[in-house]
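Trainee: Predicted model and sequence follow; I will ask about them next.
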Amino acid sequence: MQIDVSSANVVDVYQALVGVVTPRPIAWVTTIDREGRVNLAPFSFFNAFGANPPVVVFSPTLRRDGTKKDTLLNIEETREFVVNAAVASLAEQVNQSSAELPPGESEIALTGLHTVSSIKVKPPRVQESPVNFECKLMQIIPVGNGPISGNLVIGEVVMIHIDDAVLDGKGRADPRKLQTIARLGGDFWCRTSDLFEQKRP
Ligand SMILES: Cc1cc2nc3c(=O)[nH]c(=O)nc-3n(C[C@H](O)[C@H](O)[C@H](O)COP(=O)(O)O)c2cc1C
């Protein structure tokens, strides 16, 4: 099969991308709106892109009707967000929080999760998540303006919280304890339980 992007259906192109660029880590993002109401949603167009300063990027795409998702609107307005780690014990809540609720209706209540205040930004952290990155917006780069077009939200991580329970003996996140989950194509997800080690040359 070949897909000529210039003439293909945008959903087919989307499926080809997300089915192959795998596994994708998940940013589980908390934001607040102008009234301080908390929003929570997962985004698997996500990664880290530098450590000095520490930078993360995720992409809330435009909806299929071309409108902006609440997370993007909130960050445009408040310029702050928190990336919470998506881990195996919270897989169901991560999925639940992707429900398209009307603006102002909280995914926190829907999932039964709890929030705890952040230190350097206004959006709170997900209490149950073992790692939280408090982020300040550096830049938003819209890439396109049609359905499912990306909006690269570039954030500087200004505060990192890591639960001691997921640390190794050197004070670093231990993947065997952290157990992040990731997104594949279709409705498939994966756990990070099939690990192997290689020494760098
Ligand atoms: C695991 C997972 C990953 C997702 N990744 C993305 C993504 O990278 N970009 C995106 O726009 N939507 C993604 N979604 C869908 C959003 O979470 C969904 O549209 C959500 O309702 C957006 O919430 P908001 O309108 O409150 O911002 C993902 C959903 C799931 C379950």
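Mentor: Thanks, I have the structure now.

Trainee: residues in contact with the nearest residue to Gln139 once chain neighbours are set aside?
Mentor: Counting by C-beta to C-beta, 6 or more residues apart in numbering, Ile154 is the residue found nearest to Gln139 once chain neighbours are left out, at 4.6 Å. For the C-beta atoms, the positions are set from N, CA and C on the backbone; glycine is no exception. Residues near Ile154 by C-beta atoms under 8 Å, 6 or more residues apart in numbering: 49, 55-57, 137-141.

Trainee: Now do the contacts for the closest residue in space to Ser149 that isn't next to it in sequence.
Mentor: Closest residue to Ser149 apart from its sequence neighbours, by C-beta to C-beta, 6+ apart: Leu62 at 5.2 Å. Counting by C-beta under 8 Å, 6+ apart, Leu62 makes contact with 68-69, 144-149, 151.

Trainee: same thing but 10 Å
Mentor: Contact partners of Leu62, counting by C-beta atoms under 10 Å, 6 or more residues apart in numbering, are 68-69, 72, 142, 144-151.

Trainee: List the buried residues of whatever helix or strand the residue nearest to Gln139 lives in.
Mentor: Under the criterion of DSSP states H and E, Ile154 resides in strand 150-162. Of all the residues in strand 150-162, those buried under the rule 16 or more other C-beta atoms under 10 Å are 150-151, 153, 155-158, 161-162.

Trainee: circling back: who does the residue nearest to Gln139 bridge with?
Mentor: Val57, Gln139 (DSSP bridges).

Trainee: hmm, stretch 23-38 touching the ligand?
Mentor: Yes. Using C-beta under 6 Å from any ligand atom, stretch 23-38 reaches the ligand at Ile26.

Trainee: ah, wrong one, I meant stretch 44-60
Mentor: Yes. Part of stretch 44-60 sits near the ligand under the criterion C-beta under 6 Å from any ligand atom, namely 44-45, 59-60.

Trainee: okay, and the helix or strand of the protein with the least pLDDT?
Mentor: In the chain, the helix or strand scored least confidently by mean pLDDT, DSSP states H and E is helix 107-111, which has a mean of 92.

Trainee: Give me the contacts around whichever helix or strand comes after that helix.
Mentor: Later in the chain than helix 107-111, the nearest helix or strand by DSSP H and E is strand 115-116. For strand 115-116, the external contacting residues (C-beta under 10 Å, 6+ apart) are 30, 38, 40, 82, 84, 106, 108, 123-129, 132, 161.

Trainee: If we go by neighbour counts, what in the biggest helix by length in the chain is buried?
Mentor: As assigned by DSSP state H, the longest helix anywhere in the chain is helix 10-20. By neighbour count with 16+ other C-beta under 10 Å, helix 10-20 contains the buried residues 14, 18.

Trainee: average pLDDT across that helix?
Mentor: Helix 10-20 carries an average pLDDT of 97.

Trainee: which residues does the most centrally placed residue in the chain contact?
Mentor: Closest to where the C-alpha atoms of the chain average out (C-alpha atoms, centre = their mean) is Ala27, at 1.7 Å. The neighbours of Ala27, taking C-beta under 10 Å, 6+ apart as the test, are 41-48, 56-60, 71, 81-86, 133, 135, 153, 155.
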